[in-house]
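**Q** sequence and predicted model, in that order:
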Amino acid sequence: MLTRCEEANLVLNWEKCHFMVKEGIVLGLKISQARLEVDKAKIETISKLPPPTSVKSIQTFLGHAGFYRRFIKDFSKIARPMTQLLEKDAPFVFSEECLKAFQFLYDKLVDAPIMVAPD
């Protein structure tokens, strides 16, 4: 593999290259032989976010949460009340429905399930 990289004139950053490891973190996902799961450090960032109080804070939360949408079934349906607040000329009224959506997504992200790789 390294020979092919050299032949293609690719440069590798050796500080970021890890070979023969049992697990590692790639793009915010913890990858091992048996499973694919959410990186706990990323979840800590989300767990410290307060409920959104502005359009910018909704964008921030949905930006962090959207990365892990594959771990949450029907993510877009659940987040719909909050995404409606991002529409142009929509008044910002963070309703009870939005708070429930936030809390549901928050709970799912903090207690993220583990995906098992197919055998």
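**A** Looks like it came in fine.
**Q** could you use CA atoms for every contact and neighbour count after this?
**A** OK.
**Q** would you mind listing the buried residues in the helix or strand harbouring C98?
**A** Using DSSP states H and E, the element containing C98 is helix 96-110. Buried positions in helix 96-110, judged by neighbour count with 16 or more other C-alpha atoms under 10 Å: C98, A101, F102, L105, Y106, K108, L109, V110.
**Q** what sits up against that helix?
**A** Outside helix 96-110, the residues that touch it by C-alpha atoms under 8 Å, 6 or more residues apart in numbering are 43-44, 46-47, 51, 65, 68, 72, 75, 78-79, 81-82.
**Q** quick check: mean pLDDT of it?
**A** Taken as a whole, helix 96-110 has an average pLDDT of 88.
**Q** next one: it to chain centre, how far?
**A** Distance of helix 96-110 from its chain centroid, counting by C-alpha atoms, centre = their mean, to the nearest Å, is 15 Å.
**Q** ok, now stretch 37-47?
**A** Distance, centroid of stretch 37-47 to centroid of chain: 8 Å (C-alpha atoms, centre = their mean).
**Q** what's the span of stretch 77-93 from first residue to last?
**A** 19 Å (C-alpha to C-alpha, to the nearest Å).
**Q** just stretch 91-101 next, same as before
**A** 18 Å.
**Q** how about stretch 81-100?
**A** End-to-end distance for stretch 81-100, by C-alpha to C-alpha: 9 Å.
**Q** which SS class is G24?
**A** strand (DSSP: H, G, I helix; E, B strand; the rest coil).
**Q** what sits against it?
**A** Applying C-alpha under 8 Å, 6+ apart to G24 gives the contacts K30, I31, S32.
**Q** relative to Y68, how far out is the closest residue to the last one other than its chain neighbours?
**A** Using C-alpha to C-alpha, 6 or more residues apart in numbering and skipping residues adjacent in sequence, the residue nearest S32 is E23, 4.3 Å away. In this view, E23 and Y68 are 19 Å apart by C-alpha to C-alpha.
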